[in-house]
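J.: here is a sequence with its predicted model. Questions after.
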Amino acid sequence: MTQPTPPTLLCCCLRLTQQDVDEVILAGATSADEVANACGAGTGCGSCRPEITQRCRTLATNTSGDS
């Protein structure tokens, strides 16, 4: 039997997963600063902020055509 894949950690400092961050972005955060204000991701060492910024862009692009 195959084990489920564990969630991908995005913010190591606060132990937040990609799913945690994506939920904040889908709820309306449009920048790394807004994500940081909403859940704290990117407020520790800051190494995840470029990935958060990219996820903001990607999810905004993927959801903008849904209207």
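T.: Looks like it arrived, so ask away. Numbers count the residues shown, from 1 in each chain.

J.: all strands of this protein, in order?
T.: Using DSSP state E, the strands of the chain run over 9-11, 16-17.

J.: which one of those strands lies closest to residue 59?
T.: In terms of Cβ to Cβ, the element of the strands of the chain nearest to residue 59 is strand 9-11, at 12.8 Å. C-beta here means a position set from N, CA and C on the backbone, and glycine is covered the same way.

J.: in the closest one, what's buried?
T.: Judged by neighbour count using 16 or more other Cβ atoms under 10 Å, the buried positions of strand 9-11 are 10-11.

J.: residue 42 touches residue 29, doesn't it?
T.: No: if you go by Cβ atoms under 8 Å, residue 42 and residue 29 don't touch, sitting 10.9 Å apart.

J.: list the residues that contact both of those two?
T.: Residues touching both residue 42 and residue 29 (Cβ atoms under 8 Å, 6 or more residues apart in numbering) are residue 35.

J.: before we move on, back to that, any chance of the strands of the chain in JSON lines, plus distance to residue 53 and mean pLDDT?
T.: Shown next, in JSON lines, are the strands of the chain (distance: least, Cβ to Cβ, whole Å; pLDDT from 0 to 100):
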{"stretch": "strand 9-11", "distance to residue 53": "12", "mean pLDDT": "97"}
{"stretch": "strand 16-17", "distance to residue 53": "15", "mean pLDDT": "97"}
